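Novice: Coordinates for the following, if possible.
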Amino acid sequence: MNHALRTRSFRLPGTEPALLAATTAALTAGAVAWLLGARDLADLCWALGTVAAVVPAVAWVLEALHRRQAGVDLIAVVALGGTLAVSEYLAGALIALMLATGRTLESVAQRRASRDLRALLEHAPRTARRRTGAEVHTVPSADVVPGDLLVVGPGEVVPVDGRVAGDPAVLDESVLTGEPLTVRRPAGEPVRSGVVNAGGAFEIRATATERDSTYAGIVRLARQAGAESAPVVRLADRYAAWFLPLSLVAAGLAWLVSGSAVRAVAVLVVATPCPLLLAAPVAVVSGLSRTSRLGVVVRDGGALEALGRARTLLLDKTGTLTEGRPRVLDVVAAPGWQSSQVLRLAASIDQYSPHVLARAVVDAARERGLPLSVPADVSEVPGRGAAGTLAARRMTVGRLDTAAERPDWVRGVDNRALLDGAAVAWLSVDSRPVGAVLLHDTMRPDAPRTLRRLRAAGVGRLVMLTGDRPEPALEVGAVLGLDEVRAGLTPADKVAVVRAERARAVTVMVGDGVNDAPALAAADIGVAMGARGATASSEAADIVLTTDRVDRLADAVAIAVRSRRIAVQSALGGMALSLAAMAVAAVGLLPPAVGALLQEGIDVVVILNALRALGDDRAARPALRRSTTALIHRFAAEHDDLRDVLEAVRSAADRLSAGTGPESLAAVAEVHRLLTERLLPHEYAEEHELYPALAPALGGPEATATMSRAHAEIERLARRIAIHLALAGKAGPLPPEQLDDLRACLYGLHTVLRLHFTQEEENYFSLAP
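Specialist: Have a look, this model is predicted:
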């Protein structure tokens, strides 16, 4: 991570603004004295301004030499000393002003917040409850030794590593793994320190001391990784590596050939690398201004410059590439039940539960406008689920009793959950399962577009680092086209991967949890999803995305690349003009004072060019009209409302596979009604309202042609289903070949709709702020 300010150990706070004020005052006072005819007083003022700049400039040079670097400040010191030696005080005052201006701009660009790990330390438990016989005593966590029996109450943080003793534990391990789903740990399974008890009280048998436990190790890793990070080399210093010796050689030759020290000073005056001192800070400050308007906090200019050079991007999965919270994937109903009925009843029971899965079920029901009932006799068993009474029937939502009857449709749900990497909340009525709600952590709609833009900006390697299981991680990686997926990683493993990638290229790490803080600190640039991420990750990062949108990362990279490109253009263009002026000064045609004024003109050109970084890069994100944005929000809301239609299509296909009785055909008829009354009007409105509005921003109607073809396919399949229903009404039971085609239409329509909805959300809806 960038630690540019650590390399400025000799700099006192406020040096640059004070120097700028002093040099400006000296130059102004000298100008007034000169206009009043007091030439000696003018020279004195200008000389004092020059001396005022020499002292800090020498300190900066000594500091650079201490780091075994010779930066642009060395030329400025030589030029300032030369003007004093040959009594060219006005030239010296102008150089002093330019030096102070560049340094002030750079300090503004590089001001940043402290990098402490306060949030990590605040989360660490200070005490533990130790059981001795029938008594429980509160003791400092540091006093716990392996073998102690500890009690962990609801909502408490596990103080040390241990193993569950007695009743199973329901844990929120997101602080370590980033995964939002709770985990059930039966007796004998290991539990890591730092995780939160999300269920009832349980006991653990300590297996490590506080110092040797998992959470203390994370804190140490973050500190060590931050201390190892190398400082950022200023853009100006990199170009000064060749410009500095060239300037000194040119000045020496001018003195040697002409025998005039004034010519040598004139060469040094126009060689003073103000384009270098000004171009990068102005462009970087402009870039910082642009990013801040997008909700991206960049803590120093060095981080923005390094981001513009990044070639490897490492991303956490949960909360970064995915939403970071479970959402309803599908609702499956038993024969004789409707999916909307299952979701409504499950949400009615779950509405009083604090469980993360319960909140997702309730949110899904409310998004679809389902009215919730008020249950009686509500209770909840940690790790099992919630229960209540509705319409005189006892209902439970949660885990399925292992002794309960498991018909074919239940086994089918189990298989789907395994294939989709989903959690299942079962709805049971009077101890009989009647439906299931499948939940998983969905991918962010803006993630695919973000990664495409990152590749277009020059990031050549995209890698996922996650503590999650390989199966869901590989699925997300395949959809996004990542170069590599590393799953099942601990925080220490992530740090090791970051170090290995840093050895090959400038590396960015993106994460949102406490478990990501060490990896963020170890990277060249750490980026935290700060809208709802952990404070520790935000404080361990160089860049914080304050809005809950990963596409802001692509915006930040695009701005960084553009700002750096403009800075380089300005610096190289300014140096080319300076080289031309050096040649003129070397032959005696440019006195030092005139050279200093010419250099000021070059600086103006450089600054104006660098200020282009304030402008928008229209190629990075299509510009949308306000009316188009409103349409996007409208159709995105309709997508949420139509999820039950997709579930009904899949459910009808499954029922046809299980049997061809009247109930199966009734389900198909209900699907036809939903398609006719709700889905097809939505698709028609998209085709005739949304797509024409998007076309200008996307480059013309051809940009939406593929999606229009999907609309035609959806309408074709819907029409084919209607024909099958009409034939069934005339000829009675459907023959096997017709059943096969109807089933294929339903499954095909479900697949097309899921893909079509996903494509619209990723390609179009993600454009709206």
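Novice: which residues in the stretch 201-350 of the chain form helices?
Specialist: Under the criterion DSSP state H, counting those that start in this stretch, helices of the stretch 201-350 of the chain are mapped to 214-228, 235-258, 261-271, 274-293, 301-308, 339-350.
Novice: nope, the stretch 1-150 of the chain is what I meant
Specialist: Counting by DSSP H, counting those that start in this stretch, the helices of the stretch 1-150 of the chain are 15-35, 39-66, 73-85, 89-110, 118-123.
Novice: now the closest residue to Val410 other than its chain neighbours, what's its secondary structure?
Specialist: Nearest non-adjacent residue to Val410, counting by C-beta to C-beta, 6 or more residues apart in numbering: Pro433, 5.7 Å away. All C-beta spots, glycine's among them, are computed from the backbone N, C-alpha and C. Assigned with DSSP: H, G, I helix; E, B strand; the rest coil, Pro433 falls in the strand class.
Novice: Tell me how many other residues crowd the closest residue to Leu19 other than its chain neighbours.
Specialist: Using C-beta to C-beta, 6+ apart and skipping residues adjacent in sequence, the residue nearest Leu19 is Ala100, 4.3 Å away. Using other C-beta atoms under 10 Å, the number of residues around Ala100 comes to 26.
Novice: Pull the number of nearby residues for Thr28.
Specialist: Around Thr28 there are 14 residues (other C-beta under 10 Å).
Novice: Look up how far Val413 lies from it.
Specialist: Shown here: Thr28 relative to Val413, a distance of 80 Å by C-beta to C-beta, to the nearest Å.
Novice: Likewise for Val752?
Specialist: Val752 is 23 Å from Val413, by C-beta to C-beta.
Novice: When these two are compared, which one has more neighbours?
Specialist: Ranked by neighbour count (other C-beta under 10 Å), Val752 and Val413 place Val413 first, with 23 against 17.
Novice: Need the per-residue pLDDT for that one.
Specialist: Val413 carries a pLDDT value of 89.
Novice: List the contacts of it.
Specialist: 332, 424, 436, 438 (C-beta atoms under 8 Å, 6 or more residues apart in numbering).
Novice: SS state for the second one?
Specialist: In terms of secondary structure, Val424 is strand; the call rests on three-state DSSP.
Novice: Count residues in the vicinity of it, would you?
Specialist: Using other C-beta under 10 Å: Val424 sits among 20 other residues.
Novice: ditto for the first one
Specialist: Neighbours of Val332 under the rule other C-beta under 10 Å: 24.
Novice: Would you mind confirming that it is in contact with Ser651?
Specialist: Yes - the criterion here is C-beta atoms under 8 Å, and Val332 meets it with Ser651 at 6.9 Å.
Novice: about what we covered before: winner for burial among the helices of the stretch 201-350 of the chain?
Specialist: helix 301-308 (a mean of 28; mean count of other C-beta atoms under 10 Å).
Novice: Work out the gap between that helix and the centre of the chain.
Specialist: The offset between the C-alpha centroid of helix 301-308 and the centroid of the whole chain comes to 16 Å, using C-alpha atoms, centre = their mean, to the nearest Å.
Novice: which helices and strands does that helix pack with?
Specialist: In this structure, helix 301-308 makes packing contacts with helix 89-110, helix 274-293, strand 525-529, helix 551-586, judged by 3 or more C-beta pairs under 8 Å, 6 or more residues apart in numbering; DSSP states H and E.
Novice: and Arg444, which of those is closest to it?
Specialist: helix 551-586 (8.4 Å; C-beta to C-beta).
Novice: Now that closest one: buried residues?
Specialist: By neighbour count on 16 or more other C-beta atoms under 10 Å, the buried set for helix 551-586 is 551-564, 566-571, 573-575, 577-578, 581-582, 584-586.
Novice: now do stretch 438-455
Specialist: Buried-residue list, stretch 438-455, by 16+ other C-beta under 10 Å: 438-451, 453-455.
Novice: again, but for stretch 700-708
Specialist: Going by 16+ other C-beta under 10 Å, stretch 700-708 has these buried residues: 703-704, 707.
Novice: what sits against Pro472?
Specialist: 317, 421, 440-441.
Novice: hey, where'd the strands end up in the stretch 351-500 of the chain?
Specialist: 376-381, 385-390, 393-398, 423-429, 432-443, 461-465, 484-486 (DSSP state E, counting those that start in this stretch).
Novice: Nearest approach to Val269 belongs to which of those?
Specialist: strand 461-465 (45.5 Å).
Novice: How far away from the center of its chain is the closest one?
Specialist: 13 Å.
Novice: Check which helices and strands that strand sits against.
Specialist: Against strand 461-465 (3+ C-beta pairs under 8 Å, 6+ apart) you get strand 312-316, helix 447-456, helix 470-480, strand 484-486, helix 491-502.
Novice: Pick the most deeply packed of the ones you listed.
Specialist: Of all these, as judged by average neighbours under mean count of other C-beta under 10 Å, the leader is strand 312-316 with a mean of 26.
Novice: for the residue nearest to Ala583 when sequence neighbours are not counted, what are its contacts?
Specialist: The spatially closest residue to Ala583, leaving aside those adjacent along the chain, is Ala250, at 8.0 Å (C-beta to C-beta, 6+ apart). Shown in contact with Ala250 (C-beta under 8 Å, 6+ apart): 267, 271, 582-583, 586.
Novice: ok, 10 Å please
Specialist: Counting by C-beta atoms under 10 Å, 6 or more residues apart in numbering, Ala250 touches 264, 267-268, 270-271, 579, 582-583, 585-586.
Novice: Please apply the same query to Leu451.
Specialist: 313, 315, 321, 459, 462, 480-482, 550-551, 553-554.
Novice: pLDDT at it, what is it?
Specialist: In this model, Leu451 carries a pLDDT of 93.
Novice: Quick one: mean pLDDT for stretch 317-325?
Specialist: 85.
Novice: whoops, I mixed them up, stretch 700-709
Specialist: Mean predicted confidence for stretch 700-709 is 89.
Novice: Also stretch 726-746?
Specialist: 80.
Novice: buried ones in it?
Specialist: Within stretch 726-746, judged by 16+ other C-beta under 10 Å, the buried ones are 728, 734, 739, 741-743, 745-746.
Novice: wait, the residue nearest to Leu19 sits on Val54?
Specialist: No - counting by C-beta atoms under 10 Å, Val54 is not a contact partner of Ala100; they are 11.7 Å apart.
Novice: Next, the closest residue to Ala697 other than its chain neighbours: secondary structure please.
Specialist: Excluding its sequence neighbours, the residue lying closest to Ala697 (C-beta to C-beta, 6+ apart) is Pro622, at 3.9 Å. Assigned state for Pro622: coil (three-state reduction, three-state DSSP).
Novice: Output stretch 142-149 as PDB, restricted to C-alpha atoms.
Specialist: C-alpha atoms of stretch 142-149 as PDB (Å, rounded to 0.1, in the frame of the first residue of the first chain):
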ATOM      1  CA  ALA A 142      -5.600 -12.700  28.100                       C
ATOM      2  CA  ASP A 143      -6.100 -15.000  31.200                       C
ATOM      3  CA  VAL A 144      -7.700 -17.800  29.200                       C
ATOM      4  CA  VAL A 145      -5.600 -20.900  28.800                       C
ATOM      5  CA  PRO A 146      -6.100 -24.000  26.600                       C
ATOM      6  CA  GLY A 147      -8.600 -26.400  28.300                       C
ATOM      7  CA  ASP A 148     -10.800 -23.700  29.900                       C
ATOM      8  CA  LEU A 149     -14.500 -24.100  29.400                       C
END
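Novice: neighbouring contacts of that stretch?
Specialist: Residues contacting stretch 142-149 (C-beta under 10 Å, 6+ apart): 125-133, 136, 139, 150, 159-162, 165-166, 193, 203-213, 216.
Novice: Next one: the nearest residue to Leu370 once chain neighbours are set aside from Thr442, what distance?
Specialist: Distances taken as C-beta to C-beta, 6+ apart put Arg344 closest to Leu370, at 4.3 Å, once the chain neighbours are dropped. To Thr442, Arg344 is 21 Å away according to C-beta to C-beta.
Novice: Could you do Thr318 as well?
Specialist: Taking C-beta to C-beta, one finds Thr318 at 11 Å from Thr442.
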